[in-house]
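Colleague: structure for this input, please:
(chains A and B)
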Amino acid sequence: MASFLDRENTVAKPGYSRWMVPPAALCVHLCIGQAYAYSVFNLPMTKLIGITQSAPGDWKLTELGWIFSLAIFFLGVSSALFGRWVEEGGPRKAMFTAACCWAGGFFISAIGVHLHTLWLIYLGYGVLGGIALGIGYISPVSTLIKWFPDRPGMATGMAIMGFGGGAFIASPLSVWLMSKFNTTTHIGVMETFIVLGVVYFFFMIVGSIIVRVPAPGWAPAGYVAPETSKKLITRNDVFVYDAVKTPQFWLIWWVLCLNVTAGIGVLGQASAMSQEMFPGHITPVAAAGFVGLMSLFNMGGRFCWASLSDYIGRRNTYFVFMVLGFLLYCTVPFAGNTGNVVLFVCCFLVIISMYGGGFSTVPAYLKDMFGVRYVGAIHGLLLTAWSMAGIFGPVLVNYIREYNVTHGVPKAQAYNTTMYIMAGLLVIGFICNLLVKAVHSRYHMVGDKPGSVANGALATADSAKA
Amino acid sequence: MQTTQEGATSTLQLIIAWGFVGIPLIAGVTQTLINSMKLFQ
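Modeller: Sure, this is the predicted structure:
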């Protein structure tokens, strides 16, 4: 079993189609993308004892909110901690581990629901599920880049699109399952968790079975690797722990963090914001439709923007995000003041597509800067920017709105300041992106040695000769 | 030659693999799109 999971046993034989790898990646990303739909369990879990309404002893929404926060926190932690292991162990081992953790998280959570013990759900979905999110998210990234050296943006865009699309499957599936298991004396959350655990385990295992890594030296037919490095596309590799010593890593970290902060805040508040900015025009039902449309653009943007980056370049793609995002955020207050719902909706749909695009373009950006060898591990470290943005974004939107409302600003205009702050963040992001230059050659790996070690040794040898 | 045949991916395998992930995804997207139309009603 252990050998089946090893990287050596996942090397593709001649004739294996690289188009089998995106579905393998999607098997994992569509499953872990369920995290975006976790909120469908929140309300039912506040009525596990009272059934029709919350009873004393039932969990509160504030207590349940920690489950998702813990999962996202452990996503960042695990992708940063296990990135190198994922890279060196290979995609099959990582996908298998993610499948075990993800399904295990659901099963432990089911026990937690059955015993009405909240810490078991924190441990199950929050900690174990979060670890699965981190490992699963980065597991197919470098494999896809190796299979698609001609179109790395499109390849990673496809997988990361799956993470955005997972909620589209999980949300109706979870609601349907709960309706099947609900009785007059029982809410079917526990059974739904068990079924989801089994289904997701099966899906992810299929992904781990069909995934392959290319044989050394493999290249797609007709593809000729460039002889020399381009200005911002290196042919060298940078060791994962050397990458964090470069300014480029931290500049891209800030670019991602600021782009995600700008998007995540409005994504979480889209329903309330649209209704408050257009009272009487956007009803709660229409707002729900708006949120659904935003989710679709979030998913579509992941594929479209990352694919476009293969043609216009990664840095230019982020320039588009920053400039266009700035203009659109500045337009939103105008749309609100003039009551132009269509303009408002269009602005946010494009903004949210760029939010998704920011996630999916970054692996290829890292590959351009640091090479292919440790791109998955470096990507894992970079995802801490996501965790940070997950705190900043909603806090900015919620607290500034709250401050404005308590200081007498009408609700319809309470978001204007936030929009201008978001636009300002994108200006900072633009500057960070502008400062990204090619990584210095002293960080390039020499054979299997990290650049810092090899070049340090060279320096010592030179000084000894002198 | 034999090695090539052993590892070769057939069109059927590709269809099954893409259908395995594509069908649930398309179903979910369609459902979301239908719900999103409420914005325009």
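Colleague: quick one: which helix or strand includes A:Ser295?
Modeller: Per DSSP states H and E: A:Ser295 is located in helix A:284-312.
Colleague: could you give the angle of the following helix or strand past that helix to helix A:284-312?
Modeller: Later in the chain than helix A:284-312, the nearest helix or strand by DSSP H and E is helix A:314-338. Using axes from the mean of the first three to the mean of the last three C-alpha atoms, to 10 degrees, the inter-axis angle of helix A:314-338 relative to helix A:284-312 is 150 degrees.
Colleague: what does chain B put close to chain A?
Modeller: B:3-9, B:13-14, B:17-18, B:20-22, B:24-25, B:27-29, B:31-33, B:35-41 (C-beta under 8 Å from any C-beta of the partner chain). (Each C-beta comes from the backbone N, C-alpha and C, glycine too.)
Colleague: which of those count as buried?
Modeller: B:9, B:13, B:17, B:20-21, B:24-25, B:28-29, B:32, B:35-36, B:38-39 (16 or more other C-beta atoms under 10 Å in any protein chain shown).
Colleague: out of these, which sit inside helices?
Modeller: Judged by DSSP state H, helices contain the following of those: B:13, B:17, B:20-21, B:24-25, B:28-29, B:32, B:35-36.
Colleague: could those go into JSON lines alongside distance to A:Gly134 and pLDDT?
Modeller: What follows is those, written out as JSON lines (distance: C-beta to C-beta, whole Å; pLDDT from 0 to 100):
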{"residue": "B:Gln13", "distance to A:Gly134": "30", "pLDDT": "95"}
{"residue": "B:Ala17", "distance to A:Gly134": "25", "pLDDT": "96"}
{"residue": "B:Phe20", "distance to A:Gly134": "24", "pLDDT": "96"}
{"residue": "B:Val21", "distance to A:Gly134": "21", "pLDDT": "96"}
{"residue": "B:Pro24", "distance to A:Gly134": "23", "pLDDT": "94"}
{"residue": "B:Leu25", "distance to A:Gly134": "22", "pLDDT": "94"}
{"residue": "B:Gly28", "distance to A:Gly134": "24", "pLDDT": "91"}
{"residue": "B:Val29", "distance to A:Gly134": "26", "pLDDT": "91"}
{"residue": "B:Thr32", "distance to A:Gly134": "26", "pLDDT": "88"}
{"residue": "B:Asn35", "distance to A:Gly134": "30", "pLDDT": "84"}
{"residue": "B:Ser36", "distance to A:Gly134": "30", "pLDDT": "85"}
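Colleague: give me the pLDDT for the closest residue to chain B within the stretch 101-250 of chain A.
Modeller: Nearest residue of the stretch 101-250 of chain A to chain B: A:Phe168, at 3.1 Å (C-beta to the nearest C-beta). pLDDT recorded at A:Phe168 is 88.
Colleague: follow-up on the earlier one: elements contacting the helix holding A:Ser295?
Modeller: Helices and strands touching helix A:284-312, by 3 or more C-beta pairs under 8 Å, 6 or more residues apart in numbering or on different chains; DSSP states H and E, are helix A:152-181, helix A:247-277, helix A:314-338, helix A:341-370, helix B:11-36.
Colleague: picking up where we left off before, just curious, which of the ones in helices among the buried ones among the residues of chain B next to chain A is nearest to chain A?
Modeller: Nearest to chain A among these, with distances taken as C-beta to the nearest C-beta, is B:Gly28, at 3.1 Å.
Colleague: now do the contacts for that closest one.
Modeller: A:165, A:167-169, A:171-172 (C-beta atoms under 8 Å, 6 or more residues apart in numbering or on different chains).
Colleague: and the residue of chain A closest to chain B?
Modeller: For chain A, C-beta to the nearest C-beta, closest residue to chain B: A:Lys13, 2.4 Å.
Colleague: that residue sits in which helix or strand?
Modeller: Using DSSP H and E, no helix or strand contains A:Lys13.
Colleague: now it: phi and psi?
Modeller: phi -80, psi 160 (degrees, to the nearest 10).
Colleague: tell me, how many residues neighbour it?
Modeller: Using other C-beta atoms under 10 Å in any protein chain shown, A:Lys13 has 14 other residues around it.
Colleague: how near is it to B:Thr11?
Modeller: Distance, A:Lys13 to B:Thr11, using C-beta to C-beta, to the nearest Å: 17 Å.
Colleague: would you list the helices and strands packed on helix A:284-312 in JSON lines and tack on distance to A:Val40?
Modeller: Formatted as JSON lines, the helices and strands packed on helix A:284-312 follow (distance: least, C-beta to C-beta, whole Å):
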{"stretch": "helix A:152-181", "distance to A:Val40": "5"}
{"stretch": "helix A:247-277", "distance to A:Val40": "15"}
{"stretch": "helix A:314-338", "distance to A:Val40": "28"}
{"stretch": "helix A:341-370", "distance to A:Val40": "20"}
{"stretch": "helix B:11-36", "distance to A:Val40": "13"}
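Colleague: pretty sure A:Phe82 sits against A:Gly380.
Modeller: Yes - using C-beta atoms under 8 Å, A:Phe82 makes contact with A:Gly380 at a distance of 6.9 Å.
Colleague: what residues are shared contacts of those two?
Modeller: A:Gly134.
Colleague: residues touching the residue sitting nearest the centre point of chain B, list them.
Modeller: When C-alpha atoms, centre = their mean is applied to chain B, the residue found nearest the centroid is B:Gly22 (1.8 Å). B:Gly22 makes contact with A:Pro23 under the criterion C-beta under 8 Å, 6+ apart.
Colleague: what about it, distance to A:Gly165?
Modeller: 10 Å.
Colleague: same deal with A:Asn9?
Modeller: Taking C-beta to C-beta, one finds A:Asn9 at 30 Å from A:Gly165.
Colleague: can you check A:Asp237 too?
Modeller: 32 Å.
Colleague: and the stretch 151-300 of chain A, which of its residues are near chain B?
Modeller: A:162, A:165, A:167-169, A:171-172, A:206, A:210, A:282, A:285-290, A:292-293, A:295-296, A:299.
Colleague: now do 6 Å
Modeller: Counting by C-beta under 6 Å from any C-beta of the partner chain, the stretch 151-300 of chain A comes close to chain B at A:165, A:168-169, A:172, A:285-286, A:289-290, A:292-293, A:296.
Colleague: I figured the residue of the stretch 101-250 of chain A closest to chain B hits B:Thr32, correct?
Modeller: Yes - here A:Phe168 lies in contact with B:Thr32, judged by C-beta atoms under 6 Å, at a distance of 5.1 Å.
Colleague: out of A:Asp237 and A:Gly165, which sits in the busier spot?
Modeller: The residue with more neighbours, out of A:Asp237 and A:Gly165, is A:Gly165; 29 against 22, by other C-beta under 10 Å.
Colleague: any idea which helix or strand in the chain has the lowest mean pLDDT?
Modeller: Defaulting to chain A. One helix or strand of chain A scores below all others by mean pLDDT, DSSP states H and E: helix A:451-465, with a mean of 58.
Colleague: right, and A:Ser109 touches A:Leu123 too?
Modeller: No - between A:Ser109 and A:Leu123 there is no contact under C-beta under 6 Å: 8.5 Å.
Colleague: which one of the two has more residues nearby?
Modeller: Comparing A:Ser109 with A:Leu123 by other C-beta under 10 Å, the one with more neighbours is A:Ser109, at 28 against 18.
Colleague: got the contact list for the more buried one?
Modeller: A:121, A:124-125, A:193 (C-beta atoms under 6 Å, 6 or more residues apart in numbering or on different chains).
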